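Asker: Turn this into a model:
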Amino acid sequence: MANPSECCIQVVCRVRPLNEIERKNGSSSVVKFQGKDTVMVTVGKTYAFDNVFQPNDTQENVYKGAAHHIVQDGQKRDIEEIVEGGRYKTDRVGQ
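Answerer: Residues are numbered from 1 along each chain as shown. Alright, predicted model coming up:
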């Protein structure tokens, strides 16, 4: 994928860990990680992103890898997110 400093849009993926109910039911993740920018869903489809964050990544890791450069440049930026349940969320950062 392109260098984030060269693009206006960066697409990242953060895979959440299984929740308690999923673990109790013996569920397993359908996502397999293939490097730092690609995931494969068990149905055999592969998706590439600018960056991929695994369930054990901390909020700090996600911030540094996905948003730090946006905040540091001082410009107003919107961060669009699709959160659990498929809802959209927008955060405005910068001056």
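Asker: can you count the residues close to Asp50?
Answerer: By the measure other C-beta atoms under 10 Å, the count of residues near Asp50 is 18. Every residue, glycine included, has its C-beta placed from N, CA and C.
Asker: where exactly do the strands run in this structure?
Answerer: For the chain, the strands identified by DSSP state E occupy 12-14, 31-33, 38-41, 45-48, 51-53, 77-83, 87-93, in order along the chain.
Asker: Now mean pLDDT too, for the ones you listed, in CSV please.
Answerer: Written out in CSV, the entries for the strands of the chain read as follows (pLDDT from 0 to 100):
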stretch, mean pLDDT
strand 12-14, 88
strand 31-33, 90
strand 38-41, 91
strand 45-48, 92
strand 51-53, 91
strand 77-83, 77
strand 87-93, 79
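Asker: Turn those into a markdown table, including distance to Ala66.
Answerer: Converted to a markdown table, those look like this (distance: least, C-beta to C-beta, whole Å):
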| stretch | distance to Ala66 |
| --- | --- |
| strand 12-14 | 5 |
| strand 31-33 | 16 |
| strand 38-41 | 15 |
| strand 45-48 | 15 |
| strand 51-53 | 6 |
| strand 77-83 | 8 |
| strand 87-93 | 11 |
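Asker: Out of those, which is closest to Arg23?
Answerer: Across these, Arg23 has its closest neighbour in strand 31-33 (15.5 Å, C-beta to C-beta).
Asker: what helices or strands is the closest one leaning on?
Answerer: In this structure, strand 31-33 makes packing contacts with strand 38-41, judged by 3 or more C-beta pairs under 8 Å, 6 or more residues apart in numbering; DSSP states H and E.
Asker: Identify each buried residue in the strand it packs on, please.
Answerer: Buried residues in strand 38-41, counting neighbours by 16 or more other C-beta atoms under 10 Å, are found at Val39.
Asker: now swap in stretch 10-19 and tell me
Answerer: Neighbour-count burial for stretch 10-19 flags 10, 12-15 (criterion: 16+ other C-beta under 10 Å).
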